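**Student:** 3D, please:
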Amino acid sequence: MPRVTIADIAKEAGVSKPTVSRALNGHPDVGAETRERIQRIAADLGYAPSASARSLRTGRHDTLGLLMPLQQWWGYSDIQYGIAEESARRGLHLMVHPLRPGERAEREFVTQTLPTLPVDGLILLMPEGTPRHIGAIAHTSMPSVVIDDRGHRLDLPYVESTNRAGFREAVLHLVRHGRRRIAFVGGQLNDAFAQERFEGYLDALREGGIPYDPALTLLPADREPTADEITELLGTDPDGLAVAWDEIAFSALNALHAAGHRVPEDVAVIGFDDSPIARVMQPPLTTVRQPFRQMGAAAVRMLLDSIEHGRPPAHFTVPTELVIRDSCGSHENQ
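**Tutor:** Residues are numbered from 1 along each chain as shown. As a prediction, the model looks like this:
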């Protein structure tokens, strides 16, 4: 079916095309009766304004871009949902642009793709590892916001969660329920989120009056700990394990069961992220919930503030939440 044009409306209404254009755009020099008649005819004919024409007229696309790494991670879907939900609530479209791995793909996106994207602003989900070329977006005219808890700020506004404070709260929960030999299991200290969670662990020990014992720390600098390393750590006789993220907690629970330790009677365990596997672990894992949907929504609001007011927004922090389940042996505040 042919697209209805302004010329079709003008012919049906018996007026000029400029009159139709002014009426549809709410210009005051068109009488109320004529404007209402033109709008009624446009609706009857099924007229839809051209997005490209509207963009030329307003300088806006009513579309946000999402730069998405081609990596599998469960948290991305929740972040995307938060972005999509907030965009839809504000009547905006969302264009997802996949970012292929590698420096060449990053360079091509910044130098070739970005200048041609029909979007008003860009939200970036950053892949693991510090991007070398994506940081150049900070020096373009494209309003942009980063969702990233790995510390790759790139001189751009960013949304973060309370990694340090959230982990401190979780470890203090163990301290308040009598655990004194709480081991830390983590890794990848090159990433800001891992360092912040380790600092939260140290904060809780200090607040609880417990001396830090390096023998109770398993912390490879650039990788996750292995199952054998976790098993070796259990030889230090901890009564609690503070695990930096849930996937490692799964390995820790397996190691505890294999060594004959009861959870939580002998060793209490906490994790971080509240990933889907946390609820089905045996026992279900006490963990710190990352507010991924809220982070996505906050990024949209920050980006719109930058687009509409022409000033870069400050960074925004979304608080985490302690979710208490069976692995820590206490159900207060559930």
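
**Student:** can you list contacts of the top helix by length along the chain?
**Tutor:** Counting by DSSP state H, the longest helix found in the chain is helix 292-309. With Cβ atoms under 8 Å, 6 or more residues apart in numbering as the test, helix 292-309 has contacts from 64, 75, 78-87, 90, 92, 120-123, 143-145, 147, 157, 159-161, 311-313, 316, 318. C-beta: built from backbone N, CA, C; applies to glycine.

**Student:** from these, which land in strands?
**Tutor:** The strands, defined by DSSP state E, take in 64, 121-123, 144-145, 147, 159-161, 316, 318 from the contacts of helix 292-309.

**Student:** what about the residue nearest the centre of the chain, distance to Leu124?
**Tutor:** In the chain, the residue lying closest to the centroid (Cα atoms, centre = their mean) is Ile79, at 4.3 Å. Look at Ile79 and Leu124: by Cβ to Cβ, to the nearest Å, they are 11 Å apart.

**Student:** overlap in contacts of those two?
**Tutor:** Listed contacts common to Ile79 and Leu124 are Ile147; contacts here mean Cβ under 8 Å, 6+ apart.

**Student:** could I get the pLDDT score of Ala314?
**Tutor:** As summarised for this prediction, Ala314 has a pLDDT of 76.

**Student:** any idea how many residues pack against it?
**Tutor:** Using other Cβ atoms under 10 Å, Ala314 has 10 neighbouring residues.

**Student:** cool, and Pro157?
**Tutor:** 21.

**Student:** how about it, what does it touch?
**Tutor:** For Pro157, counting by Cβ under 8 Å, 6+ apart, the contacting residues are 144-146, 302, 306, 312-316.

**Student:** and for Thr113?
**Tutor:** His97.

**Student:** sec struct for it, please.
**Tutor:** With DSSP: H, G, I helix; E, B strand; the rest coil as the basis, Thr113 sits in helix.

**Student:** Ser87 versus that one, what's the distance?
**Tutor:** 20 Å.

**Student:** and if you look at Asp239?
**Tutor:** 47 Å.

**Student:** can you check Leu70 too?
**Tutor:** Taking Cβ to Cβ, one finds Leu70 at 21 Å from Ser87.

**Student:** and what of Leu174?
**Tutor:** 40 Å.

**Student:** and Glu108, that one's in a helix?
**Tutor:** Yes: judged by three-state DSSP, Glu108 forms part of a helix.

**Student:** burial count for it?
**Tutor:** Glu108 - counted by other Cβ under 10 Å - has 14 other residues nearby.

**Student:** for His261, give me phi and psi.
**Tutor:** phi -90, psi 140 (degrees, to the nearest 10).

**Student:** so it sits right up against Gly235, yeah?
**Tutor:** No: His261 lies out of contact with Gly235 (Cβ atoms under 8 Å); the separation is 11.4 Å.

**Student:** for the longest helix of the chain, the distance to its chain's centre please.
**Tutor:** 11 Å (Cα atoms, centre = their mean, to the nearest Å).

**Student:** which of the residues in that helix are buried?
**Tutor:** 292-300, 302-306 (16 or more other Cβ atoms under 10 Å).

**Student:** which intervals of the stretch 1-150 of the chain have sub-threshold pLDDT?
**Tutor:** 1, 49-60, 127-132, 149-150 (pLDDT under 70).

**Student:** circling back to that earlier point, among the contacts of helix 292-309, name the buried ones.
**Tutor:** Here, 16+ other Cβ under 10 Å leaves 64, 75, 78-80, 82-84, 86-87, 92, 120-123, 143-145, 147, 157, 159-161, 312-313, 316, 318 buried among those.

**Student:** quick check, pLDDT for Gln294.
**Tutor:** In this prediction, Gln294 carries a pLDDT score of 96.

**Student:** and the one 4 residues further on, by the same measure?
**Tutor:** We have a pLDDT of 95 for Ala298.

**Student:** what about it, distance to Val145?
**Tutor:** Counting by Cβ to Cβ, the gap from Ala298 to Val145 is 9 Å.
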